[in-house]
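Show me how the following folds:
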Amino acid sequence: MADQQVAQGPGAHRRRTIVFLVRHGETEGNVQRVWHGSMDAPLTPRGEMQVAATARRVVELARRYPIQAFYVSPLPRAQSTAAAIARALGQDPEVEADLREFDLGAWEGRSFQELREVEDLWGRWAQDPDFAPPQGESPRSFNRRATAVVERLAKRHPGQVILVVTHGGIICNALANWIGDGPEDWRRWDPHNCAITMLVREGDIWKAVFVNDIGHLPPEAIDDEFTINGDEFR
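Below you'll find the predicted structure:
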């Protein structure tokens, strides 16, 4: 049913700009529940499994929606994910710096628990979306960057199909702005590792065909704790 909303006749999808957003595979930092937005950590064995399944799914999608542009965050966890997809597609990605994750500056590498209990980070943000840790970004500035980069890529390739491998923060902020209730709604759209979202842009209007889909992941590649409790930027 999702595909029918886009492809209503031969080549119909080519008249619209289609953007596939893919989150990177699970990392050691994800498992440890630490904020590592601008830092990196290697993929876990489960992350490698997620990436392999996602590469296969992207190839399936590309048969119907041939990928004409492919972009990736500069951070290694996204690069590793994109590399597996690139091998499967036979198509190399272009690095886009603004696809990197939310940067907490001097507070990077600290656990979510510490950021909540010691710094009251989420409480501060609720009071002031312009609050930023030393050398870090604020929710408002990050939201602007996240939405601007995806919008820019879509405008660069009008009427084409774009694949973007990036981070949870970029994806949930884009969805909050275009599909949800605005920037403060980001937590509702937080994606599981290697979830795939399909967006269609017509004029200045964005529509979702499917959001944060993990149907391609085998059961052993799914983080049950995430599906129950959700997640933060990680």
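
what's the span of stretch 199-213, first residue to last?
12 Å (Cα to Cα, to the nearest Å).

Next, the buried residues of that stretch.
Leu199, Val200, Arg201, Trp206, Ala208, Val209, Phe210, Val211, Asn212, Asp213 (16 or more other Cβ atoms under 10 Å). C-betas here are computed from N, CA, C, even on glycine.

Repeat that for stretch 124-138.
Applying 16+ other Cβ under 10 Å to stretch 124-138 flags Arg124, Trp125, Pro129, Ala132, Pro133, Gly136, Glu137, Ser138 as buried.

Next one: the last one from Glu202, what distance?
Relative to Glu202, Ser138 is positioned 31 Å away (criterion: Cβ to Cβ, to the nearest Å).

Is it correct that Gly105 is in contact with Gly136?
Yes: using Cβ atoms under 8 Å, Gly105 is in contact with Gly136, at 2.9 Å.

counting contacts, what elements does whichever helix in the chain runs longest pack onto?
As assigned by DSSP state H, the longest helix anywhere in the chain is helix 45-64. Under the contact definition 3 or more Cβ pairs under 8 Å, 6 or more residues apart in numbering; DSSP states H and E, helix 45-64 sits against strand 17-23, helix 76-89, strand 196-202.

Quick one, which of the ones you listed gets closest to His157.
In terms of Cβ to Cβ, the element of these nearest to His157 is strand 17-23, at 6.5 Å.

Let's see which of the buried residues of stretch 124-138 end up in helices.
Arg124, Trp125.

Any chance of JSON lines for the buried residues of stretch 124-138, columns distance to Gln113?
Shown next, in JSON lines, are these (distance: Cβ to Cβ, whole Å):
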{"residue": "Arg124", "distance to Gln113": "16"}
{"residue": "Trp125", "distance to Gln113": "16"}
{"residue": "Pro129", "distance to Gln113": "22"}
{"residue": "Ala132", "distance to Gln113": "21"}
{"residue": "Pro133", "distance to Gln113": "16"}
{"residue": "Gly136", "distance to Gln113": "18"}
{"residue": "Glu137", "distance to Gln113": "21"}
{"residue": "Ser138", "distance to Gln113": "21"}
